[in-house]
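Participant: following is a predicted model, sequence given first.
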Amino acid sequence: MDTAVTDHLLTTTRAVRKRLDLDRPVEPDVILECLRLAIQAPTGSNSQGWRWMVVTDPDKKVKLARLYEEGGGDYLRKNATAAGAQGRVYSSAAYLLDVLHRVPAMVIPCIEGRVDGASNGQAAGFYGSILPAVWSFQLALRSRGLGSAWTSLHLHKEKEAAELLGIPDNISQVALLPVAYTIGDDFKPAVRRPVEEITFWDSWGHTR
Ligand SMILES: Cc1cc2nc3c(=O)[nH]c(=O)nc-3n(C[C@H](O)[C@H](O)[C@H](O)COP(=O)(O)O)c2cc1C
């Protein structure tokens, strides 16, 4: 295993918004190739209940972008003026609001079942059986010169999105990923709190 390559991939797969190439088409085959890799991810009881909704139809993308805007546009725009790193995140997110309908493809990871009102254990097992695959998909995209950003705001309008796309009632949508080639690929590791401070050994709060 070439850890220089894998470490680079793991540390530089960012939420890409402003550097999505909106004008370059994304071939269906590259999406399938990345999804083929993604479904090597683990699932509880090997359930493999994932389903992947890829949206390229221009009219449906416009309607989904509208639902995304309704789901949290005000919230993102309001926070875009904040100072510092958080302000930069929100201003980038506000940019995505404006261009979301233009992305070449939207991928909505879905999973069979619903956990409305479930216990933490049930919810963890449920979402834990789709989220690793979503991240693998994003890593596979990055390694091929494409990018995405995990988004969740359209989930406030999940029912409307389901109606638009014909998604049955027993299916949960978990995110919406805009997918595009990226403009350049010189992404950098993000600043994070030191891992030593947030890792506890044998008792909660005991750091090394
Ligand atoms: C569960 C989840 C929900 C998110 N929802 C949104 C969203 O609705 N819109 C958006 O622009 N970014 C969204 N993000 C992306 C985060 O803002 C982003 O991951 C974070 O700012 C860190 O940036 P980085 O991924 O480049 O390190 C979401 C990320 C996660 C994991």
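Facilitator: That came in fine, so what should we check first?
Participant: list the residues that contact residue 138.
Facilitator: Counting by C-beta atoms under 8 Å, 6 or more residues apart in numbering, residue 138 touches 13, 148, 150, 177. Backbone N, C-alpha and C define where each C-beta goes, glycine included.
Participant: could you pull out the helices for the protein?
Facilitator: For the chain, the helices defined by DSSP state H cover 3-12, 28-38, 58-79, 84-99, 120-127, 131-142, 158-165.
Participant: let's see the pLDDT reported for residue 78.
Facilitator: Note on residue 78: pLDDT of 88.
Participant: how many other residues sit next to it?
Facilitator: Neighbour count for residue 78, taken as other C-beta atoms under 10 Å: 11.
Participant: which of the helices of the chain has the highest mean neighbour count?
Facilitator: Comparing those by mean neighbour count (mean count of other C-beta atoms under 10 Å), helix 131-142 comes out on top with a mean of 20.
Participant: what angle separates that one from helix 120-127?
Facilitator: 30 degrees (axes from the mean of the first three to the mean of the last three C-alpha atoms, to 10 degrees).
Participant: identify the residue nearest the geometric centre of the protein.
Facilitator: Central residue of the chain (C-alpha atoms, centre = their mean): residue 150, 2.2 Å from the mean position.
Participant: convert the C-alpha atoms of the helix or strand bottoming out on mean pLDDT in the chain to CSV, please.
Facilitator: One helix or strand of the chain scores below all others by mean pLDDT, DSSP states H and E: helix 84-99, with a mean of 92. Extracted as CSV, the C-alpha positions of helix 84-99 are listed here (Å, rounded to 0.1, in the frame of the first residue of the first chain):
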residue,chain,number,x,y,z
GLY,A,84,-13.2,33.7,9.9
ALA,A,85,-13.2,30.1,8.8
GLN,A,86,-16.9,29.5,9.5
GLY,A,87,-17.8,32.6,7.4
ARG,A,88,-15.7,31.1,4.6
VAL,A,89,-17.5,27.8,4.8
TYR,A,90,-20.9,29.5,4.7
SER,A,91,-20.0,31.8,1.9
SER,A,92,-18.8,28.8,-0.1
ALA,A,93,-22.1,27.0,0.8
ALA,A,94,-24.0,30.1,-0.3
TYR,A,95,-22.2,30.0,-3.6
LEU,A,96,-23.3,26.4,-4.1
LEU,A,97,-26.9,27.5,-3.5
ASP,A,98,-26.6,29.8,-6.5
VAL,A,99,-25.1,27.2,-8.9
